[in-house]
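Enquirer: generate coordinates for the sequence data below:
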Amino acid sequence: MKKDILIVAHFTQVPGEKGNSRFEYILNMLVNNKHDIELVTTNFSHRTKKHRVLTNQESNQSQYKLTMLSESGYKKNVSLQRFYSHYIFGRNLKKYLKNRKKPDVIYCAVPSLDSAYVVAKYASKNNIKFIIDIQDVWPEAFKMVFNIPLLSNILFYPMSKKADYIYKAANEIVAVSETYTRRALSVNKKCEGRSVFLGTDLSYFDKVSQENLVNKPMNEIWIAYIGTLGHSYDLNCVIDALSILKEDGINNIKFVVMGDGPLKSDFQHYAKTKKVWIEFTGRLNYEEMTGILRSCDFSVNPIKANSAGSIINKVGDYAAAGLAVLNTQESDEYRKLIKEYKAGFNCKNDSPEDLASKILLLYKDERLRNEMGKNNRMLANDMFNRSITYKKIVELLVH
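Expert: Alright, predicted model coming up:
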């Protein structure tokens, strides 16, 4: 039966933008199933912090209807300006839904909370099947940056109540980790919930990474990091660990940092003061990133203590590339996967000494890092392959 499926995703890519979007992949799977599909998103790019202007060619190249609603925009990820911008988007979304034909099902990304809250109320009022996809947990993520005892709880209380309402209203719950699924199910007792990692299309990853491999000198060891250069990511711990090894006479380790973010200049300055060998590539297109990543020897997932993150995007790419991981993240869910698959080492959080010792183990033992890399690729095959795992999401939408 042909269905009218509405997808609301505040943070996603649109035609003409590079990336590895979860929602773009789901949209393409749905289009192939011959349903009426619409994506509602914003005209403001969270990634570039600029308003979008699509060419006619870009607007017409998708096989689904694309609706971009306006919001005011913001310069910083954690700011009152951002919260106001989300409010504007939510207000415009409410107006849009009021005048749109009622869909059969709504698939809604969480966050933002403003947009998801509007959709939750609309779906409940009109008895529409409401499925949420939890990408991050708010306000928990913001408390990483602004965490003042008592005051933070008071300030973020309205966000917590809004999040609870959204979770409770959902008819089906999808999340990018089991940790996030459990958070939603703590207030929603009417459904089971499904954990579907962000992942990647492994066949596409293998193809483009092979095409974009770079020449790495045999006498160098490269450690990979991909992702945002922001407050949750403890690159200074990695820099300190490399400084320790350099003092011991190891000078051929290069730390390859792929990505951009608000703390990039801070990390660059710190690396310079520590005199470690580090390359900041800036933000790369996905295809170029995969080639460099696959050319590296192993990877690092340096997440600060008390992070709300769980199974984050970068770890799926590390697994796809078949790289051993040195993990400082405290997430029990990810640490268990590393241990179960023997895909790397879990390290003490905020301990350059422990991280340096684990780097040294992989540095000295090529056989070990290759074996752990193969194990991580097995993890990718089992848990991160979108062409298989995303079928669970599509089944929820079409049945």
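
Enquirer: Tyr107: helix or strand, and which one exactly?
Expert: In this assignment (DSSP states H and E), Tyr107 forms part of strand 105-110.

Enquirer: run me through the strand neighbours of that strand, direction for each.
Expert: Applying DSSP bridges, strand 105-110 is found paired with strand 4-8 (parallel), strand 129-134 (parallel).

Enquirer: could those go into TSV alongside mean pLDDT and mean neighbour count?
Expert: Using the backbone N, CA and C atoms, a C-beta is placed for each residue, glycine as well. Formatted as TSV, the strands paired with strand 105-110 follow (pLDDT from 0 to 100; neighbours: other C-beta atoms under 10 Å):
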stretch	mean pLDDT	mean neighbour count
strand 4-8	96	24
strand 129-134	98	24
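
Enquirer: take the ones you listed and write them to CSV, including distance to Val300.
Expert: Formatted as CSV, the strands paired with strand 105-110 follow (distance: least, C-beta to C-beta, whole Å):
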stretch, distance to Val300
strand 4-8, 34
strand 129-134, 26
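
Enquirer: unless I'm mixing things up, Lys162 is touching Ser115, no?
Expert: No: judged on C-beta atoms under 8 Å, Lys162 makes no contact with Ser115 at a distance of 11.0 Å.

Enquirer: so the two - more neighbours on which side?
Expert: Ser115 (30 against 17; other C-beta atoms under 10 Å).

Enquirer: ok, that one touching Leu93?
Expert: Yes: contact criterion C-beta under 8 Å: Ser115 and Leu93 qualify, at 5.4 Å.

Enquirer: separation between Ser295 and Leu362?
Expert: Plainly put, Ser295 is 16 Å away from Leu362 if you go by C-beta to C-beta, to the nearest Å.

Enquirer: neighbour count for the two, which is higher?
Expert: A direct count of neighbours by other C-beta under 10 Å for Ser295 and Leu362 places Leu362 higher, at 23 against 17.

Enquirer: three-state assignment of the spatially closest residue to that one that is not a sequence neighbour?
Expert: In space, and not counting its chain neighbours, Leu362 is closest to Arg369: 4.4 Å by C-beta to C-beta, 6 or more residues apart in numbering. Here Arg369 is recorded as helix under DSSP: H, G, I helix; E, B strand; the rest coil.

Enquirer: next, count neighbours for Arg369.
Expert: Arg369 has 19 nearby residues by other C-beta under 10 Å.

Enquirer: pLDDT value on it, please?
Expert: The model reports Arg369 with a pLDDT of 97.

Enquirer: cool, Val145 as well?
Expert: pLDDT recorded at Val145 is 63.

Enquirer: what does Ser307 give?
Expert: pLDDT, Ser307: 79.

Enquirer: contacting residues around the residue nearest to Leu362?
Expert: 297-298, 324, 362 (C-beta atoms under 8 Å, 6 or more residues apart in numbering).

Enquirer: now, the most widely separated pair of these?
Expert: Across the contacts of Arg369, the longest distance by C-beta to C-beta is 8.3 Å; it joins Asp297 and Ala324.

Enquirer: more neighbours, those two?
Expert: Using other C-beta under 10 Å as the criterion, Asp297 and Ala324 rank with Ala324 on top: 27 against 21.

Enquirer: could you list the low-confidence segments of the stretch 101-250 of the chain?
Expert: By pLDDT under 70, the low-scoring segments of the stretch 101-250 of the chain are 143-152.

Enquirer: where do the strands of it begin and end?
Expert: Along the stretch 101-250 of the chain, counting by DSSP state E, counting those that start in this stretch, strands occupy 105-110, 129-134, 172-175, 194-195, 221-226.

Enquirer: list the helices and strands the last one packs on?
Expert: If I follow you right, that is strand 221-226. helix 235-247, strand 253-258, helix 286-295, strand 298-301, helix 313-320 (3 or more C-beta pairs under 8 Å, 6 or more residues apart in numbering; DSSP states H and E).

Enquirer: mind doing that once more with 10 Å?
Expert: Contacts defined by 3 or more C-beta pairs under 10 Å, 6 or more residues apart in numbering; DSSP states H and E place strand 221-226 against helix 235-247, strand 253-258, strand 278-282, helix 286-295, strand 298-301, helix 313-320, helix 352-364.

Enquirer: want to throw these into TSV with distance to Ile338?
Expert: As requested, the helices and strands packed on strand 221-226 are exported to TSV (distance: least, C-beta to C-beta, whole Å):
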stretch	distance to Ile338
helix 235-247	17
strand 253-258	20
strand 278-282	24
helix 286-295	18
strand 298-301	9
helix 313-320	9
helix 352-364	11
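
Enquirer: the ones you listed: which one's closest to Asn346?
Expert: Ranking the helices and strands packed on strand 221-226 by their distance to Asn346 (criterion: C-beta to C-beta) puts helix 352-364 first, at 8.8 Å.

Enquirer: for that closest one, buried residues please.
Expert: 352, 354-360, 362-363 (16 or more other C-beta atoms under 10 Å).

Enquirer: and the closest residue in space to Asp136 that isn't next to it in sequence, how many neighbours?
Expert: Nearest residue to Asp136 in three dimensions, chain neighbours excluded: Pro111, at 5.8 Å (C-beta to C-beta, 6+ apart). Neighbourhood size, Pro111 [other C-beta under 10 Å]: 20.

Enquirer: for Asn99, same thing?
Expert: Neighbourhood size, Asn99 [other C-beta under 10 Å]: 6.

Enquirer: now do the phi/psi pair for it.
Expert: Backbone torsions of Asn99, given as degrees, to the nearest 10, read phi -100, psi 0.
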